[in-house]
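Visitor: Build me a model:
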Amino acid sequence: MADPSSFDTEHAHKVFSTHCFNHAWELMGKSERNTEENEQIIQCALASLWHWTQRPDCTSQNLSIGYWQVSRVYALAGESDNACKYAQLCLAHTPPDDPFCLGYGHEAMARAKLLDGNRKDAAENLSHARRHAEQVADSENRKLLMDDLDELS
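Guide: Now for the predicted structure:
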């Protein structure tokens, strides 16, 4: 049996935060998911986020992205309350000088509000997201965000 004191938890958190994020991303790409896959995607996103919180190199941007992914998977699973909760956490942890993550934070909130049937608040969040998207310097990132926003319009 391996000596537990020799276990490199920092490395394990790095591996699992990335692996779980990528696996959730793969499941997000499926056009249809069954109930079991919806539960798996939620568990993967939450596990990724938790492992990120255990990493010494975790930044506000990492948390923003993690909370965004959790919000998105809850939206995909049709759970508007949780989608909204994690969209709020995403916005709360997003660096104020990061228009890409701010845009995605508002995208997540708009998606949650639409799922909840609140078109007025969703439109307001979409407006904020578009304003931030216009400030994204990298053209590929700007297009990625705009495409997601157009999907919600």
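Visitor: so what's residue 93 up against?
Guide: Each residue near residue 93 by C-beta atoms under 8 Å, 6 or more residues apart in numbering is listed here: 60, 63-64, 67. Using the backbone N, CA and C atoms, a C-beta is placed for each residue, glycine as well.
Visitor: Are any of those buried, and if so which?
Guide: Among those, the ones that count as buried by 16 or more other C-beta atoms under 10 Å are 63-64, 67.
Visitor: Now intersect those residues with the helices, please.
Guide: 63-64, 67 (DSSP state H).
Visitor: and which of those residues is nearest residue 119?
Guide: residue 67 (23.4 Å; C-beta to C-beta).
Visitor: looking at it, the closest one is touching residue 49, isn't it?
Guide: Yes - between residue 67 and residue 49 there is a contact under C-beta atoms under 8 Å: 6.8 Å.
Visitor: which residues of this protein score low on pLDDT?
Guide: 1-6 (pLDDT under 70).
Visitor: hang on, the earlier thing: distance to residue 38 for the ones in helices among the buried ones among the contacts of residue 93 - can I get that in JSON lines?
Guide: JSON lines is the format used below for those (distance: C-beta to C-beta, whole Å):
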{"residue": "63", "distance to residue 38": "23"}
{"residue": "64", "distance to residue 38": "23"}
{"residue": "67", "distance to residue 38": "19"}
